[in-house]
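Asks: Build me a model:
(chains A and B)
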2 protein chains.
Amino acid sequence: MATVNRKIGILGGGQLGRMLIQSGIDFNIPFKVIDPDPSAPCKDLVDGFVNGNLKDFDTIYQFGKDCDVVTIEIEHVNTQALRKLEEEGKKVFPQPHIIELIQDKRLQKQFYQKEGIPTAKFVLTENAADVAAQADFLPAVNKLGREGYDGRGVQVIRSEKDLTKAFDQPGLLEKLIDFEKELSVIVARNEQGEIKTFPVVELVYHPEANLVEFLFSPAQISIEVEQKARALAEKVITKLGMVGLLAVEMFLTRDHEILVNEVAPRPHNSGHQTIEANITSQYEQHLRAILGWPLGSTRAHTPAAMVNLLGEEGFQGEAVYEGLEEVLQKEGVHPHLYGKRLTKPFRKMGHVTIVNESAEDLKTLAYWVKDKLKIKA
Amino acid sequence: MATVNRKIGILGGGQLGRMLIQSGIDFNIPFKVIDPDPSAPCKDLVDGFVNGNLKDFDTIYQFGKDCDVVTIEIEHVNTQALRKLEEEGKKVFPQPHIIELIQDKRLQKQFYQKEGIPTAKFVLTENAADVAAQADFLPAVNKLGREGYDGRGVQVIRSEKDLTKAFDQPGLLEKLIDFEKELSVIVARNEQGEIKTFPVVELVYHPEANLVEFLFSPAQISIEVEQKARALAEKVITKLGMVGLLAVEMFLTRDHEILVNEVAPRPHNSGHQTIEANITSQYEQHLRAILGWPLGSTRAHTPAAMVNLLGEEGFQGEAVYEGLEEVLQKEGVHPHLYGKRLTKPFRKMGHVTIVNESAEDLKTLAYWVKDKLKIKA
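Replies: The predicted structure follows:
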């Protein structure tokens, strides 16, 4: 590797793309970005911002033609165009067939089943009537097969009376897991087959929005669980044969079983804290993986918490950040604002990483930040 | 502080501006940049890049008019325009009169003298004949009063036979200090008068290019020297009444005296390692200071070394990075390439930060990186 000017095209210009570009500045990587939102968070950070439809074959094909490597920061993209680019010799990471598998939660679950990857029991459903016929399977989670994102397309069906809200489209019904913790492992793999996992983190979800609200790194788990979770993430990426970064979300059940919940083939909400807390950030790791560079050390040099900044309920419009100056006064509190002009309830507007040696203080600070910093309009 | 969209204009679009913008992404700060080089390192990172002369009154005045805050990443700018902007109510940090003082090394030295800030003995010289008349003062360093930068405009006059190379312009002759170490302290001050210093670092200069070649943080010094150096930096910024970031370069003499060598009123080469190694980076600290935000914790969470990547001697033209993949394999080795297309001998093309708990390993790694990673053409 003598020069480092291969151009990376990113499908999607949201916060994940933004932090990827921010990391790529260190390596002088030229980026191109496409997003349907003309004022997407990446817009001003690249010379080549394209406003276009991620699902349109021609748009994506043309976008990718002058890139050396094409990657994604959202799964809902036209994979036919990516397949054609791949056939024509472009590097497309994650590979199009993997994006297709992950776009469809039904295929994803069938893949786990086939490969012997532990996951919650499920049944495929084609419509609401199918779901309604599964009263015996409850309590369960009803997921849309396609197009779910950031908590959309996922709902809990606790009992028969919830059956009225069942999705009337192809999806699945998955046993509701009585878990002790939700964990996530981010794993990377490059073209040479080198694999590295980040330490396991612990996620706390927002009860209503079905979004990660808090994250704690490292997870408070035994060494055995840590090793098992990391090995499982490695198994998933190996079985996929994927190149790039893969976030593997898992349930740790009350009887200490680990089940894979879902995966995302890109930088992920559960890896934001790696910017401040680990030797290599998940963003740099994704770049290293898709460029065929050696993967970086994933070691966490300091414990961290992450708080998602969601748009406050009851507010919609031009975002106003309340309490920012107060949180900036605390040592180790590092906000990341995504540059979204408009807020709405539960929209991901930013996140805050907190680094601190004490797990106790981290928890206290995380709740304090959540309480102080509000995104209103 | 409810919103954070005050626009910052940066005079200079080099690597310091680039890392300032990279840090500002976290706070969604809109930037505007002006630089005489149409392909300056900042060019693609901002929506508002202006190609223009930093010394031209009208250019700078017009540039600053639609900014909320104007700052610099190089001192050689038109300060009359900055004074006018300041009079019209713009925030200009560092303040124009301080930039003027620092633009002129003669005024700078006189300031230290007047304020009782320890510094090497000096005599002002108007031309080469003046220097030649000071044979008794040798060995000494001959500095140009104005326009010196990155090692230019500074030379050692060891003995009478060196006098032929004396600068024939207004400058000064400063006693050559037989120092034990060169130290640097970066200190920040906001408009409210809050002051914070970063831990003292140790600099190793390139013998020929008069540029920082290596940096080690923390400096291997006694607690007494650490405290004295930090107090001295605080004294300098307080006496200046400056708002922003000030790098104070110092000599630790063999008899443990500390003398101020030079200052730079902006992010500085001796603070690059704060990105990876400290709770708050010098770039974020500069932004906090000039925006009137609370200053961040300067604590170093890990020891670090920094290696400047200078253009290799004997090569000029399109930059090629040799050995990058090899250095990327080492844990804790983090390159920053500045995106300069053309290299020439000793041009600052990038830097590498190395984090490691052992001071011994840091030294070994720093020399190894220096040896492996070469910028050729």
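Asks: Relative to chain B, which residue of the stretch 151-300 of chain A is the closest?
Replies: Closest residue of the stretch 151-300 of chain A to chain B, C-beta to the nearest C-beta: A:Ser297 (4.0 Å). C-betas here are computed from N, CA, C, even on glycine.
Asks: How much space separates that residue from B:Phe214?
Replies: 22 Å (C-beta to C-beta, to the nearest Å).
Asks: So if I had to pick from these two, which one is more boxed in?
Replies: More crowded of A:Ser297 and B:Phe214, by other C-beta atoms under 10 Å in any protein chain shown: B:Phe214, with 20 against 17.
Asks: Using the three-state scheme, assign the more buried one.
Replies: strand (DSSP: H, G, I helix; E, B strand; the rest coil).
Asks: wait, doesn't it sit right on B:Asn269?
Replies: No. The pair B:Phe214 / B:Asn269 is not scored as a contact, 11.1 Å apart, by C-beta atoms under 8 Å.
Asks: so what sits against both of those two?
Replies: Listed as contacting both B:Phe214 and B:Asn269 by C-beta atoms under 8 Å, 6 or more residues apart in numbering or on different chains are B:Asn308.
Asks: Is A:Val77 in a helix, a strand, or coil?
Replies: The three-state assignment at A:Val77 reads coil, by three-state DSSP.
Asks: and the helix or strand hosting A:Thr364, what does it pack onto?
Replies: Using DSSP states H and E, A:Thr364 sits in helix A:359-372. The contact analysis (3 or more C-beta pairs under 8 Å, 6 or more residues apart in numbering or on different chains; DSSP states H and E) places helix A:359-372 against strand A:212-217, strand A:304-310, helix A:324-328, strand A:348-355.
Asks: Compare those and give me the one nearest B:His206.
Replies: Nearest to B:His206 among those is strand A:348-355 (34.1 Å), distances taken as C-beta to C-beta.
Asks: do the closest one and chain B meet?
Replies: Yes. Judged by C-beta under 8 Å from any C-beta of the partner chain, strand A:348-355 comes into contact with chain B through A:Val355.
Asks: Show me what that strand packs onto, helices and strands only.
Replies: Applying 3+ C-beta pairs under 8 Å, 6+ apart, we find strand A:348-355 packed against helix A:274-277, strand A:304-310, strand A:333-337, helix A:359-372.
Asks: partners of that strand in the sheet?
Replies: Paired with strand A:348-355 in the same sheet, following DSSP bridges, are strand A:304-310 (antiparallel), strand A:333-337 (antiparallel).
Asks: Which element is encountered next along the chain beyond the shortest one?
Replies: Downstream of strand A:333-337, the first helix or strand assigned by DSSP H and E is strand A:342-343.
Asks: which strands and helices sit next to that following strand?
Replies: Applying 3+ C-beta pairs under 8 Å, 6+ apart, we find strand A:342-343 packed against strand A:317-318.
Asks: Mind doing that once more with 6 Å?
Replies: Helices and strands in packing contact with strand A:342-343 are not found; criterion 3 or more C-beta pairs under 6 Å, 6 or more residues apart in numbering or on different chains; DSSP states H and E.
Asks: Please tell me how far that strand is from the chain's geometric centre.
Replies: 21 Å (C-alpha atoms, centre = their mean, to the nearest Å).
Asks: what residues does it touch?
Replies: Residues outside strand A:342-343 that contact it (C-beta atoms under 6 Å, 6 or more residues apart in numbering or on different chains) are A:311, A:319, A:349, A:375, A:377.
Asks: For A:Ile223, see how far away A:Lys370 is.
Replies: The gap separating A:Lys370 from A:Ile223 is 30 Å, by C-beta to C-beta.
Asks: ok so, going back, of all the strands paired with strand A:348-355, which one is nearest A:Lys181?
Replies: Taking C-beta to C-beta, strand A:304-310 is the member of the strands paired with strand A:348-355 nearest to A:Lys181, at 14.7 Å.
Asks: same question for that closest one, mean pLDDT?
Replies: Strand A:304-310 shows a mean pLDDT of 96.
Asks: how big is the angle separating it from strand A:212-217?
Replies: If you take axes from the mean of the first three to the mean of the last three C-alpha atoms, to 10 degrees, strand A:304-310 sits at 170 degrees to strand A:212-217.
Asks: CA atoms only: put strand A:304-310 into PDB for me.
Replies: Taking Å, rounded to 0.1, in the frame of the first residue of the first chain, the C-alpha atoms of strand A:304-310 are listed here in PDB:
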ATOM      1  CA  ALA A 304     -17.500   4.100  28.700                       C
ATOM      2  CA  ALA A 305     -21.200   4.700  28.600                       C
ATOM      3  CA  MET A 306     -23.200   6.000  25.600                       C
ATOM      4  CA  VAL A 307     -26.400   7.900  25.700                       C
ATOM      5  CA  ASN A 308     -28.500   8.300  22.600                       C
ATOM      6  CA  LEU A 309     -29.900  11.800  22.200                       C
ATOM      7  CA  LEU A 310     -33.400  11.200  20.900                       C
END
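Asks: Could you tell me how far it lies from the centre of the chain?
Replies: That offset, for strand A:304-310, works out to 14 Å (C-alpha atoms, centre = their mean).
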